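K.L.:
based on what follows, work out the 3D shape:
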Amino acid sequence: MENNQNPAAGNSRRSFLKTLGAVAATAPTVLTQTQAGAGSPQYLNLVKSHASTSANSKVRLALIGTGGMGIGDTQTALMVDGVEMVAACDLYDGRLRRAKELWGESTATTRDYHEIIDRSDIDVIINATTDHWHEKISSDALRKGKHVYCEKPMVQKVEDGHKLIKVAKETGKVFQVGSQFASSIIVSKAKELLNAGSIGEIVFAEAQYDRHSAMGAWQYSVPPDASLQTVDWDTYLGTAPKRAWDPLRFFRWRNYQDYGTGIAGDLYVHLLTTLHTVTGSKGPNRAYSTGGIRYWNDGRDVPDIQLSIYDYPKTAEHPEFNLTTRANFVDGGGGGYLVRIVGTEGDLSLGWDSLTMRQNKFPKAPGLSIDNFPKDQKELYLAEYNKLYPATSQMEGPKEFKYTVPKDYKGDRYEHFVNFFASVRDNKPNIEDATFGLRACGPTQCGNQSYFQKKVVGWDPVAMKILG
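P.N.:
Residues are numbered from 1 along each chain as shown. The predicted model follows:
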């Protein structure tokens, strides 16, 4: 199957991964640390050694979907001790040749994913196929006794998510969604600070994922030999509508509703994963989206700018709040990424490699606006005010705190695979299972319905169903 990498503009996100070949970093367990002002950034602590997840047994890996994302996932997975590559599958012959170039001539290759999941010498598959193949291949692999790491969004359609939840439960195999922010040390620290009451109670959140490049807008390169002879087009279409051969629909599949889920499924899933991990939320109950095609008039049928509003109801985990999201694929400002969580007494801003917390507590005294009072009323008001709010001297501390990742941090995708393989080896619950995955991608599908139908769409975050 085919899948492509979705690089952020400028690739700034991965600037801190320059030590990929170095000794394994430590886990993203974050302990409370001494806070310093913004002028003295604190490095996020990594205190749990990955030694416990070292290879006490080999984990044999196969990749289904050898595109950019699949290759990136596999290269990262192979950084974890005790993981070895066995086989690769794709519907484009050139990617099968590329698999042998990357992982050796002994790497078995095939167009037929059934040959992969039928092998007894494979423990784990990475499912990095197009969105419309996620459920089918993942379910088939789980039933064949394989553990599955499935790229986001978990499914193209909500009903397929319920199928996957059922199959994962029935088989008892580890199924983890590949929205790696769930394993980010930055997200972990934000969760700690929010739970500690550092910014009060959440009232609002906003997230942006802007880009300003052709690759960022999914205009991926098409190989010169792309043809019906080198691509299994009929198999690729699967449950999608039957069409004549079109290389753009194969190599730039994210641009089309038939195979992908647009901006919301590709990018907003990351943003909701971050927010749900930090807050413990099960999700919103309403979504509204707007946007359009502003620049990339290349035949795509999904927007290149999309803005959404998600309403989160009051639950045991959090008070009522609202989330706004934005992705713009023609951002003349150069692109950028931010998740900002706003509380009653501060906010948290999560970037690629840092976290900034600002604290602004409400003063106990509300202040005065009594200059327009007559003198007698002004004196009476002041006397009562001073009784309620007597003047006191208090120490003032810094209002801004900045945390950055350590220099040897290998990134959230690496940590996500460490967590996945630990679950595989120890048979423990994983960090982002099928239920979490559906609660992250289901609301984004509501957002897409809202965009195309031009109406507010309801979502049941507990039952995980689109309403109406």
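
K.L.:
remind me which residues of the protein are low pLDDT?
P.N.:
By pLDDT under 70, the low-scoring segments of the chain are 1-56.

K.L.:
tell me where it has helices.
P.N.:
Counting by DSSP state H, the chain has these helices, from start to end: 68-77, 93-103, 113-117, 134-143, 158-171, 185-195, 233-237, 247-251, 262-263, 269-279, 375-388, 412-426, 434-453.

K.L.:
which one of those helices has the most crowded surroundings?
P.N.:
Of all these, helix 262-263 has the most neighbours on average by mean count of other C-beta atoms under 10 Å, namely a mean of 30. All C-beta spots, glycine's among them, are computed from the backbone N, C-alpha and C.

K.L.:
what helices and strands are in contact with it?
P.N.:
On a contact count with 3 or more C-beta pairs under 8 Å, 6 or more residues apart in numbering; DSSP states H and E, helix 262-263 meets no helix or strand.

K.L.:
let's see 10 Å
P.N.:
Counting contacts by 3 or more C-beta pairs under 10 Å, 6 or more residues apart in numbering; DSSP states H and E, helix 262-263 is packed against strand 286-292, strand 305-312, strand 321-328, helix 434-453.

K.L.:
would TSV of the ones you listed with distance to F250 be doable?
P.N.:
Formatted as TSV, the helices and strands packed on helix 262-263 follow (distance: least, C-beta to C-beta, whole Å):
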stretch	distance to F250
strand 286-292	25
strand 305-312	24
strand 321-328	23
helix 434-453	22
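
K.L.:
which stretch among those comes nearest G200?
P.N.:
Checking these against G200 by C-beta to C-beta gives strand 321-328 as the closest, at 11.7 Å.

K.L.:
tell me the buried residues in that closest one?
P.N.:
Within strand 321-328, the residues that qualify as buried by neighbour count (16 or more other C-beta atoms under 10 Å) are F321, N322, L323, T325, R326, A327, N328.

K.L.:
quick check: the farthest pair among these?
P.N.:
Greatest spatial distance in the buried residues of strand 321-328: F321 and N328, 23.4 Å, computed using C-beta to C-beta.

K.L.:
contacting residues around D311?
P.N.:
By C-beta atoms under 10 Å, 6 or more residues apart in numbering, D311 lies in contact with P284, N285, R286, A287, Y288, E320, F321, N322, L323, V456, G458, W459.

K.L.:
export these as a markdown table, with columns for distance to A214.
P.N.:
As requested, the contacts of D311 are exported to a markdown table (distance: C-beta to C-beta, whole Å):
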| residue | distance to A214 |
| --- | --- |
| P284 | 32 |
| N285 | 37 |
| R286 | 34 |
| A287 | 29 |
| Y288 | 30 |
| E320 | 40 |
| F321 | 36 |
| N322 | 33 |
| L323 | 29 |
| V456 | 34 |
| G458 | 36 |
| W459 | 33 |
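
K.L.:
which of these count as buried?
P.N.:
Using 16+ other C-beta under 10 Å, the buried ones in the contacts of D311 are P284, N285, R286, A287, Y288, F321, N322, L323, W459.

K.L.:
mind giving me the domain split of this protein?
P.N.:
Domain assignment for the chain by automatic domain parsing gives 9-180+411-437, 183-214+249-364+393-406+444-467.

K.L.:
right, and the ones you listed - which one's nearest P224?
P.N.:
domain 9-180+411-437 (9.4 Å).

K.L.:
count the neighbours of T344 for me.
P.N.:
Here the number of neighbours of T344 (other C-beta atoms under 10 Å) works out to 14.

K.L.:
that one and S198 touch, don't they?
P.N.:
No. Taking contacts as C-beta atoms under 10 Å, T344 lies outside contact range of S198: 11.3 Å.

K.L.:
picking up where we left off before, how about TSV for the domains of the chain, with distance to K387 added?
P.N.:
Below are the domains of the chain laid out as TSV (distance: least, C-beta to C-beta, whole Å):
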stretch	distance to K387
domain 9-180+411-437	35
domain 183-214+249-364+393-406+444-467	13
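
K.L.:
can you tell me which of the ones you listed comes nearest to Y220?
P.N.:
Set against Y220 and scored by C-beta to C-beta, those come closest in domain 183-214+249-364+393-406+444-467, at 5.3 Å.

K.L.:
what is the end-to-end distance of the closest one?
P.N.:
Length of domain 183-214+249-364+393-406+444-467, first residue to last, C-alpha to C-alpha, to the nearest Å: 31 Å.
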